[in-house]
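Engineer: Quick check, what structure comes out for this input:
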Amino acid sequence: MFNNGRVKSTKLRNSARGQECQLRIPGICNHNPETTVLAHVGEDSGMGMKASDLEAAFGCSACHDAIDGKVKTGFSKTELDLFACRGAERTRKLWVSSDLIKVA
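Structural biologist: Predicted coordinates for the structure are as follows:
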């Protein structure tokens, strides 16, 4: 489903449950799949705005908090953005391989 040009999918959001963190921030990641959620990482996320569900990554609670700026890390904003982008890429590959999204 689209909402203001953003993909919203309960299936994609629910697919994060029990998954490995794909953000994998060194020294931050708790490696606990029980805390994994779909972390919105697109440039439209934050400040009350939620990016498309396609612009998201499976993220443990610790990495999600780091990406959202809820906790201080030794990483720059640019470095955190890179972790977020790579995590979203890995997550999309998992969705394609499990047929949750299809590429024509």
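Engineer: and the longest helix along the chain, what other elements does it pack with?
Structural biologist: The residue-count maximum for a helix in the chain (DSSP state H) belongs to helix 77-97. Using 3 or more C-beta pairs under 8 Å, 6 or more residues apart in numbering; DSSP states H and E, the elements in contact with helix 77-97 are strand 56-59, helix 61-67. Any C-beta I mention is one placed from the backbone N, CA and C, and that applies to glycine too.
Engineer: go again using 10 Å as the cut-off
Structural biologist: Helix 77-97 is packed against helix 10-14, strand 37-40, strand 56-59, helix 61-67, with contacts defined by 3 or more C-beta pairs under 10 Å, 6 or more residues apart in numbering; DSSP states H and E.
Engineer: And the average pLDDT for that helix is what?
Structural biologist: In this model, helix 77-97 has a mean pLDDT of 96.
Engineer: got it, and stretch 35-42?
Structural biologist: For stretch 35-42, mean pLDDT is 91.
Engineer: Tell me the buried residues in that stretch?
Structural biologist: Buried positions in stretch 35-42, judged by neighbour count with 16 or more other C-beta atoms under 10 Å: Thr36, Val37, Leu38, Ala39, His40, Val41, Gly42.
Engineer: got TSV for the residues you listed, with distance to Val96 too?
Structural biologist: Below are the buried residues of stretch 35-42 laid out as TSV (distance: C-beta to C-beta, whole Å):
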residue	distance to Val96
Thr36	19
Val37	20
Leu38	16
Ala39	19
His40	19
Val41	18
Gly42	18
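Engineer: Among those residues, which one sits closest to Gly59?
Structural biologist: Ala39 (3.4 Å; C-beta to C-beta).
Engineer: List the contacts of that closest one.
Structural biologist: Contact criterion C-beta atoms under 10 Å, 6 or more residues apart in numbering gives 16, 21-23, 45, 51, 56-61, 63-68, 84, 87-88, 91 as the residues in contact with Ala39.
Engineer: my guess is Val103 meets Val96, correct?
Structural biologist: Yes. Using C-beta atoms under 10 Å, Val103 is in contact with Val96, at 6.2 Å.
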